[in-house]
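1. any chance you could fold what I've pasted below:
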Amino acid sequence: MIHPSADVSPNAQIGAGTRIWNEAQVREGACLGSDCTVGKGSYVDHDVSIGDRVKIQNHVSIFHGVTIEDGAFIGPHVTFTNDLHPRAVQPDGAVRGDDDWRVILTLVREGASIGAGAVVVCGITIGRWAMVGAGAIVTRDVPDQGLVFGNPAELMGWVCLCGHRLDRQDGAWRCPECSRTFEFEPEAIAQ
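-> The predicted model follows:
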């Protein structure tokens with residue numbers, strides 16, 4: 001399903017069951033897997049790769065150089081950057097062209113969730129089943145199942161595959177919701 005007001009390039013690959021809502025734009029060479037949702041007003045730049053069953057909320061900006069794996073959740077108004085030294089012009093005042101940009105790659109791993117309004121600075125990996133809090137500014141890698149929030153985002157704990165924050169009990173990390181247990185390095189958490 002592609003909403004009539006969406007701008008989807010005929011050179012984009014859209015998987016079966018994927019829904020693209022009103023005023024979204026999907027550029028040439030973008031590849032979206034099956035059963036994805038692209039929310040209203042979202043932008044998917046050229047050559048972006050998005051896996052299966054990814055939910056992209058409204059007004060998300062995903063720029064060239066981003067790969068999002070299966071089952072990730074991208075909250076409303078999330079922005080991914082793709083250049084660490086952006087400039088509109090050269091030092092002599094000449095407008096920068098496409099060949100003047102140095103795209104830095106970003107990877108969002110399987111099952112990760114990124115909260116509303118977060119900014120993901122390019123060149124990092126957000127680990128499997130990690131959770132980024134709303135409004136976070138993510139400037140460095142997030143480990144698998146890591147819970148990060150703040151500006152800059154800091155590792156503040158661990159989350160279960162079901163999305164709940166883990167508690168430390170008897171030397172292990174336990175989910176209060178589903179009772180799964182995990183082993184992590186407790187000293188990695190910001191104090």
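2. ranking helices and strands of this structure by mean pLDDT, which lands last?
-> Within the chain, confidence by mean pLDDT, DSSP states H and E is lowest for strand 167-169 among all helices and strands, at a mean of 87.
3. who touches the next helix or strand after that one?
-> Sequence-wise, the next helix or strand downstream of strand 167-169 (DSSP states H and E) is strand 172-174. With Cβ atoms under 8 Å, 6 or more residues apart in numbering as the test, strand 172-174 has contacts from W158, L166, D167, R168, R180, T181, F182, E183, F184. Every residue, glycine included, has its C-beta placed from N, CA and C.
4. let's see it at 10 Å
-> Strand 172-174 is contacted by residues 145, 157-160, 165-168, 180-184, 186 when judged by Cβ atoms under 10 Å, 6 or more residues apart in numbering.
5. how far out from the middle of the chain is that strand?
-> Its chain's C-alpha centre and that of strand 172-174 lie 26 Å apart, by Cα atoms, centre = their mean, to the nearest Å.
6. next: stretch 140-160.
-> Here the centre of stretch 140-160 is set off from its chain's centre by 13 Å, with Cα atoms, centre = their mean.
7. do the same with stretch 129-136
-> Computed by Cα atoms, centre = their mean, the chain-centroid distance of stretch 129-136 equals 9 Å.
8. what's the answer for stretch 39-48, then?
-> Per Cα atoms, centre = their mean, the displacement of stretch 39-48 from the mean C-alpha position of its chain is 12 Å.
9. part of a strand, is G157?
-> Yes: membership of G157 in a strand is supported by DSSP: H, G, I helix; E, B strand; the rest coil.
10. where does pLDDT dip in this protein?
-> Within the chain, the stretches falling below the threshold (pLDDT under 70) are 185-191.
11. what residues are up against the closest residue to G111 other than its chain neighbours?
-> If the residues on either side of it in the chain are set aside, G111 comes closest to W129, at 4.2 Å by Cβ to Cβ, 6 or more residues apart in numbering. The neighbours of W129, taking Cβ under 10 Å, 6+ apart as the test, are 71-72, 109-113, 144-146, 158-163.
12. out of the residues you listed, which are inside strands?
-> Within the contacts of W129, membership in strands is found for S113, G146, W158, as judged by DSSP state E.
13. kind regards, and thank you for your time.
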